[in-house]
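Asker: Predicted model follows, preceded by the sequence.
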Amino acid sequence: MNTTRVFSVTKKNIKRNKWLTLSTILVSTIVFTLSSVFVSASILTQKATDYYEQKAQVIVFFKKATSEEEIFAFRDIINNKELVEQIEYVSQDEALEIYREDFADNPDLISTVTADSLPASLEIRAKDIDSLLQVIENINKAKETNAYVDEVMYFKDVVDNMRTLSGIIKIGSAVLISAMALVTVSLIRVTIGFNIKLHQEEIQIMHLVGSPDKFIRTPFLLEGTFYGLLGGLIASLLIIVPWYTLIAYSKGTDFAFWVEQFLLDVKLPFLSEVNIAFILIYVLLHLIVGSLFGFFSSLSAVRKYLRD
């Protein structure tokens, strides 16, 4: 099979119907862009949910004059092994270290805080969300008769909201991506089918002169692959370029600090600064998915419209 000839025919097919070609590429780009955004959002919300589930779900803060003995006594009262996964004691000095790590980029805030200004605390994590309600109830009961407890913070609502949001995004993503994928497949099939019918006489002549089926089919398969490949490439650039541009221009702002801290918490720090390895992998993944999507869409069209 003459490779040069195959690519020449593919190029000719793409150029012949410019408006249909542009429409196919545009729709493919929109589908891959939205799909990528929803998949990314789904991953981020799942990561955030995992992070909040692993963190303390209840924090009990004690008054500054409270001794460790009193804190440990309270810990023993609420430490129900059937309900509680972990209880961690955080001293005033440890609280200061955590504060310094969280605000390492803001020396002014660090310089104004000392260990004496931060309370000691117990960070409690339940075995599961269902157990958390009983843990909170036990803590509130123990708090009523304990004069050393200053404040109790709950994070159950945060975890529940993240779970709900994650579920909504996953279901919404699946429905939307499936619908848009169906539209793209249909459009690529129509485009390839149109080109096959447009070249029907040429195809019949090639059959008569003994041209192999592979030579006849390949240009149409490459055409569909090209649509998916280009759509995937443009989609990846439409997401990567604005994201890193936003990160670069917002450096030093509260927004940038919040984003960087969030990405660090969910173990995705490479998104907070330009990472060549991640960019290459991200773009390559879009190219592969786009190419496969275009190839199998065109293969479906070829099998339907181009029979032996």
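Answerer: All right, it came through fine. Note that the structure is a prediction, hence the values are computed from the model and not measured. Residues are numbered from 1 along each chain as shown.
Asker: Hmm, residue 296 and residue 225 touching each other?
Answerer: No: checked against CB atoms under 8 Å, the pair residue 225 and residue 296 is beyond contact range at 9.3 Å. Where C-beta positions appear, they are placed from N, C-alpha and C, glycine not excepted.
Asker: and these two? which has more neighbours close in?
Answerer: More neighbours surround residue 225 than the other of residue 225 and residue 296, with 22 against 16 (other CB atoms under 10 Å).
Asker: what's the following helix or strand after the helix-or-strand element of the chain with minimal mean pLDDT?
Answerer: When the helices and strands of the chain are scored by mean pLDDT, DSSP states H and E, helix 107-111 comes last with a mean of 65. Counting by DSSP states H and E, the element after helix 107-111 in chain order, helix or strand, is strand 121-126.
Asker: That following strand pairs with which strands, parallel or anti?
Answerer: Using DSSP bridges, strand 121-126 pairs in its sheet with strand 58-62 (antiparallel), strand 84-90 (antiparallel).
Asker: Can you tell me which of the ones you listed is packed in deepest?
Answerer: Mean neighbour count (mean count of other CB atoms under 10 Å) peaks for strand 58-62 among the strands paired with strand 121-126, with a mean of 21.
Asker: Quick check: mean pLDDT of that strand?
Answerer: Averaging pLDDT along strand 58-62 yields 90.
Asker: For it, what is the distance to the chain centroid?
Answerer: 32 Å (CA atoms, centre = their mean, to the nearest Å).
Asker: Does residue 175 lie in a helix or a strand, and which?
Answerer: Here residue 175 sits within helix 156-198, counting by DSSP H and E.
Asker: contacting residues for the nearest residue to residue 222 once chain neighbours are set aside?
Answerer: Spatially, and ignoring its direct neighbours in sequence, residue 222 is nearest to residue 10 (4.4 Å; CB to CB, 6 or more residues apart in numbering). When contacts are counted by CB atoms under 8 Å, 6 or more residues apart in numbering, residue 10 is found next to 218, 219, 222, 223, 226.
Asker: Give me the pLDDT value at the fourth one.
Answerer: It refers to residue 223. Reading off the confidence values, residue 223 has pLDDT 87.
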